[in-house]
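S.K.: Structure, please.
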Amino acid sequence: MQNLSDVLKQFQQKYPKIEETQLAEVVQQIANDEDVRRFWEENKKQLRADAFQLTMMDLHEFVQQKQRIAKGEKPLYPGYQPQLAIEKGYPHVHYVADESKQKQLMQAENLTSYKMPKAIRDADLQTIIVDSGRAKVVTAIVDIFTRLLDQNHAYVQGLYLYGQFGVGKTYLMGALANALAANNIDVMLVHFPSFSVDLKNTIGKNGDIREKLIDQTKKTSVLIIDDLGAENLSMWIRDDILGVILEYRMQNELTTFITSNFDLNEMEKYLAETRDDRDPGKAARLMQRIKFLTQLAEVSGKNRRLEN
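M.R.: Have a look, this model is predicted:
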C-alpha cells in the first residue's frame with residue numbers, strides 16, 4: 001500500500017469533482033491530521049488498496065472526535081478516546097476509556113452499595129474537609145487505605161466510627177469505599193437497617209437470595225456496615241445475621257468498618273436487648289468480634305446535613 005499522500009492524490013484524480021462538495025473539507029482534515037498520517041505510515045503494508053475510499057468516514061470520525069475532546073466539547077462517547085485500528089486490511093475507529101473513565105468503570109465493578117444514600121457516590125477522599133472533629137479519623141482512614149493498597153496479605157483492622165447524627169461518618173466511609181474500588185479492591189457498603197428489613201422480608205420466600213446476600217457480605221474483601229444500631233433489633237438479626245457475618249470476618253481476618261451513633265458501651269447495651277430476649281452474654285461475644293475487627297474512632301463536629 002502507498003503512503004497517505006499518494007493515496008490522497010490518486011483519490012482526488014479519480015474523483016475530481018469532489019473539490020466542489022463538502023467532502024473536500026473532510027479529505028483535507030484527514031490529510032492534515034498527524035495521527036492519521038502516522039497510523040497510515042506504520043500500517044501501510046497491511047492496508048488494502050481501497051482502504052481510504054471505503055473507510056474515509058471512519059478516519060474523519062477519528063479526527064473529528066479527537067478535535068472535539070481537545071476543544072473541551074462533548075464527544076460522541078464521553079470518557080472515551082478515539083483510536084485507529086486495522087480490521088481485515090481496513091482502518092476503523094474504536095474507543096478506549098481514558099484514565100478517569102477506567103477508574104470509574106473499575107469502581108463500578110468493585111463496589112457494591114446496598115441501600116446507601118446517593119451522596120456517597122461522589123464522595124472523594126481528596127476533597128474531604130478536614131476539621132478538628134475529623135482530623136484523627138481522616139488520618140486513620142488514609143493510613144488504612146495505604147496499607148490495603150500494599151496487599152501484603154497482612155490483616156488490616158478497620159474502624160468503628162461513632163458520633164452524633166450528620167457529622168459525616170457515612171460520607172467518610174463512602175469516600176474510602178470509592179477510593180478502594182477505584183484501586184481494584186472489592187468493597188461492600190451496607191446500610192444495616194435496610195439490610196435487616198430486606199432479609200426479614202425473604203423469610204418464607206426465596207432463601208437463595210438471602211443466603212447469597214449474606215455470603216457476599218461475609219466474604220467481600222472490605223465490608224462497611226453503616227448505621228448499626230438504628231434498626232429495631234431482633235434476636236434473629238443479632239444472632240443469625242450480624243453474629244454470623246462478624247464471626248466469619250474475624251476468623252478470616254477480613255477488613256471491616258462499622259458506623260454508629262452509639263459508642264461501644266451503648267452498642268453493647270443495644271445488642272443485649274432485642275424484641276425477643278435480653279442476653280448480655282451474646283452481646284459481650286459480639287462486642288469481642290467488633291473490637292477484634294475495628295479500632296474505635298470518634299467523629300465529631302457540626303451536623304453537616306443541616307447545612308444543605
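S.K.: drop to CA atoms for contacts and neighbour counts, all remaining ones
M.R.: OK.
S.K.: how about Tyr90, phi and psi?
M.R.: Here is the backbone geometry of Tyr90 (degrees, to the nearest 10): phi -130, psi 140.
S.K.: just checking, next helix/strand downstream of the strand or helix carrying Gln53?
M.R.: If you go by DSSP states H and E, Gln53 is part of helix 51-70. As assigned by DSSP H and E, the chain's next helix or strand after helix 51-70 is strand 80-87.
S.K.: Strand partners (parallel or antiparallel) of that following strand?
M.R.: As defined by DSSP bridges, the strand partners of strand 80-87 come to strand 90-97 (antiparallel).
S.K.: circling back to that earlier point, can you tell me which helices and strands the helix holding Gln53 packs against?
M.R.: If you count contacts as 3 or more CA pairs under 8 Å, 6 or more residues apart in numbering; DSSP states H and E, helix 51-70 packs onto helix 23-32, strand 80-87, strand 90-97.
S.K.: avg pLDDT for the second one?
M.R.: Here strand 80-87 scores 87 as its mean pLDDT.
S.K.: if we can go back for a sec, the helices and strands packed on helix 51-70: which one's closest to Ile141?
M.R.: strand 90-97 (29.2 Å; CA to CA).
S.K.: now what about that closest one, what contacts it?
M.R.: 47-48, 51, 55, 58-59, 61-62, 77, 79-86 (CA atoms under 8 Å, 6 or more residues apart in numbering).
S.K.: now do stretch 182-199
M.R.: 103-104, 106-107, 110-116, 149, 174, 177, 180-181, 210, 217, 220-232, 237.
S.K.: out of these, which are inside strands?
M.R.: Counting by DSSP state E, the part of the contacts of stretch 182-199 found in strands is Leu111, Thr112, Ser113, Tyr114, Val222, Leu223, Ile224, Ile225, Asp226.
S.K.: Run through the bridge partners of the second one.
M.R.: So that's Thr112. On the basis of DSSP bridges, Thr112 takes part in beta bridges with Met188.
S.K.: about what we covered before: between the helices and strands packed on helix 51-70, which one is closest to Glu73.
M.R.: For the helices and strands packed on helix 51-70, proximity to Glu73 was assessed by CA to CA; strand 80-87 is nearest, at 13.0 Å.
S.K.: Show me the contact partners of the closest one.
M.R.: Residues outside strand 80-87 that contact it (CA under 8 Å, 6+ apart) are 39, 47, 59, 62, 65-66, 91-98, 101.
S.K.: got any ranges where the stretch 51-200 of the chain has weak pLDDT?
M.R.: For the stretch 51-200 of the chain, the stretches flagged by pLDDT under 70 are 101-108.
S.K.: please redo it, this time with the cut-off set to 80
M.R.: In the predicted model, the stretch 51-200 of the chain carries pLDDT under 80 at residues 79, 97-110, 118-122, 125-133, 151-153, 166.
S.K.: from the chain's centre, how far out does stretch 235-248 sit?
M.R.: For stretch 235-248, the gap between its own C-alpha mean and the chain's C-alpha mean amounts to 27 Å (CA atoms, centre = their mean, to the nearest Å).
S.K.: Let me see the contact set for Asp122.
M.R.: Here Asp122 is in contact with Ala175 (criterion: CA under 8 Å, 6+ apart).
S.K.: redo that, cut-off 10 Å
M.R.: For Asp122, the set of contacting residues under the criterion of CA atoms under 10 Å, 6 or more residues apart in numbering consists of Tyr171, Gly174, Ala175, Asn178.
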